[in-house]
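# Here's my sequence, what's the structure:
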Amino acid sequence: RQHVGGEYWLTVQAPPLPDGLYDLQVQLCQGVTGGGVQDTNANCVLYADVKINHMVVIDKSGSMGDPADFSKLDAAKIAGSLYVDAVSDTDRVGVVAVDGNQTACDDDATLLESMNTATAGKRTNCKTDIGNLNPSGWTSIGDGLWKAQDQLEIPAFATDADIHTIILLYNQLCRCKGEL
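Predicted coordinates:
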């Protein structure tokens, strides 16, 4: 259990089951009068022999430093580290950080961890890099997404059997009229 931006996030390990789609039911405080809190989503858990390629993109621009007592970047660091911990051992993971300099047509993203198998060492490196982020610069989400996409398109990883994901942790709505 982790506290992230005023919410509690849970990481759970699914039980071993045969390949297929399964319902997910989460129930907190079972046995409490009134039944506690529960929710069910149908057919949302996939059991199959797939490899998922995960790229975590984190905005570390100056505005992520607010508020000072527990910043948006602090919440993003916890969420990013929690996400890295939840990645399957057979999946791949990498990390990109973004902070712009208000100069157009340059690269405002840094590949902190190239995508590779989520070994214990790889997870540690990802979480260390995430934990070392400090707020600075301007927001440049597009460069971060492009750099993450470049990792997902590496020929060794770009197979039809793989599932590609980019998780974006940032603090603003896009104000760029349809372009990132």
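
# use CA for all of it now, contacts and neighbours both
OK.

# for this protein, what's the longest strand?
Counting residues, the longest strand found in the chain (DSSP state E) is strand 37-47.

# neighbouring strands for that one, and are they parallel or not?
Paired neighbours of strand 37-47 in the sheet (DSSP bridges): strand 20-28 (antiparallel).

# residues in contact with the partner strand?
With contact meaning CA atoms under 8 Å, 6 or more residues apart in numbering, strand 20-28 is reached by 36-48.

# Tell me where the chain has helices.
Secondary structure of the chain (DSSP state H): helices located at 72-86, 120-131, 141-152.

# Check what contacts the first one and list those residues.
The one in question is helix 72-86. For helix 72-86, the external contacting residues (CA under 8 Å, 6+ apart) are 2, 4-5, 11, 56, 58-60, 64-66, 93, 123, 126-127, 130-131, 133-135, 169-171.

# that older thread, tell me which of the helices of the chain sits nearest to Cys29.
helix 72-86 (22.6 Å; CA to CA).

# Show me what the mean pLDDT comes to for that closest one.
For helix 72-86, the per-residue pLDDT values average out at 94.

# How about it, which residues are buried there?
In terms of neighbour count (16 or more other CA atoms under 10 Å), helix 72-86 has its buried residues at 72-85.

# so which of those residues comes closest to Glu153?
Val84 (20.1 Å).

# Show the low-confidence segments of this protein, by residue range.
Flagging of the chain using pLDDT under 70 yields the residue ranges 1-5, 30-35, 103-105, 172-180.

# if we go to 50?
The chain contains residues with pLDDT under 50 at 173-175, 177-180.

# How about stretch 145-159, which residues are buried there?
Judged by neighbour count using 16+ other CA under 10 Å, the buried positions of stretch 145-159 are 145, 147-148, 151-152, 157.

# export those residues to JSON lines and tack on distance to Thr117?
Formatted as JSON lines, the buried residues of stretch 145-159 follow (distance: CA to CA, whole Å):
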{"residue": "Leu145", "distance to Thr117": "20"}
{"residue": "Lys147", "distance to Thr117": "18"}
{"residue": "Ala148", "distance to Thr117": "15"}
{"residue": "Gln151", "distance to Thr117": "13"}
{"residue": "Leu152", "distance to Thr117": "13"}
{"residue": "Phe157", "distance to Thr117": "10"}
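
# Looking at those, spot the one nearest Pro15.
Distances from Pro15 to the buried residues of stretch 145-159, taken by CA to CA, are shortest for Phe157, at 27.1 Å.
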